[in-house]
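> Kindly generate the corresponding structure for this input.
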Amino acid sequence: LRQQSTAWIMYKDDHNDREVPWLSRLYPEYFGNQDLLRCPSDLNSGVEPSEWQARADGRFSSAYDRPGNSGRDFNPNTQVTQISYFYEMTNSRLADDSEAGSWTGMPGPDGGLHSFVDHDPPIQTWGEMKEWQLGLGYNEVAFPVIRCSWHIRDIGRVWNTAGAQFDDGSIPFLNVAYAGNVFRSLPEWEDGTLD
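Here you go, the predicted structure:
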């Protein structure tokens, strides 16, 4: 994750602080080894790349950086097919995601729900939504950009049929923060960090 953080920061430095549209687009210019995009704990082994999941719970699959998904302005890098990490700043359209497309707001650091429905200009992508959410006042050292869910000890105990449920006996998500540091959090990062 630290190497991904460095590559992500270098991209932003080279592009006037703009976000990379997809994590796969950092390859090959910002790192030459695709293995940096695969977590050793990833359970996707033997799965077709178009079916890989970046989250152990399978949520937000249309925003996942994999073959067949697309963005508003940019598509994932087709040279990279196996990515273990979920990139929060993706160029994926919110409307393409059955869960995220129905959102009307996001939690803020004050605990309230903040609406982005009437934002001008309209918020259309995951990356735009996350930039807006960061602007609500979150601390950049605890605001995730790249997330790894593959370090959970017992996925069945963490993710149940009722949705995302955190169990204290399980290892949480690992994250690269907007500030570039690595930290641990609950699956719903807005519920708290563990570092």
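> which of the residues in the top helix by length along the chain are buried?
As far as residue count goes, and with DSSP state H defining each element, the longest helix of the chain is helix 2-14. The neighbour-count check on helix 2-14 (16 or more other Cβ atoms under 10 Å) flags 4-5, 7-8, 11 as buried. Backbone N, C-alpha and C define where each C-beta goes, glycine included.
> show me where pLDDT drops low in the protein?
Within the chain, the segments meeting pLDDT under 70 span 56, 98-102, 153-171.
> please redo it, this time with the cut-off set to 50
159-164, 166, 169 (pLDDT under 50).
> residue ranges of the helices in this structure, please?
Counting by DSSP H, the helices of the chain are 2-14, 126-134, 155-158.
> and residue 3, how far is that from residue 58?
26 Å (Cβ to Cβ, to the nearest Å).
> Ok, residue 90 next?
16 Å.
> More neighbours: the two, which one.
Ranked by neighbour count (other Cβ atoms under 10 Å), residue 90 and residue 58 place residue 90 first, with 28 against 11.
> that older thread, among the buried residues of helix 2-14, which one sits closest to residue 183?
residue 5 (10.9 Å; Cβ to Cβ).
> Surely the closest one and residue 174 touch.
No. Counting by Cβ atoms under 8 Å, residue 5 does not reach residue 174; the two are 11.2 Å apart.
> Tell me the residues that contact both of these two, please.
With contacts defined as Cβ atoms under 8 Å, 6 or more residues apart in numbering, the residues shared by residue 5 and residue 174 are residue 182.
> Can you list the neighbours in contact with stretch 6-15?
18-20, 23, 25-26, 30-31, 36, 145-146, 176, 180.
> Go again with 6 Å.
The contact list for stretch 6-15, computed with Cβ atoms under 6 Å, 6 or more residues apart in numbering, reads 20, 26, 30-31, 180.
> Keep only those of the residues you listed that are in strands.
In strands, judged by DSSP state E, none of those are found.
> Now the buried members of these.
Among those, those classed as buried by 16+ other Cβ under 10 Å are 20, 26, 30-31.
> Out of these, the closest to residue 48 would be?
residue 26 (22.9 Å).
> mind listing what the closest one touches?
Counting by Cβ under 6 Å, 6+ apart, the residues that residue 26 touches are 7, 11, 20.
> wouldn't residue 145 be in contact with residue 178 here?
Yes. Here residue 145 reaches residue 178: they are 5.4 Å apart, a contact under Cβ atoms under 6 Å.
> Much appreciated, bye for now.
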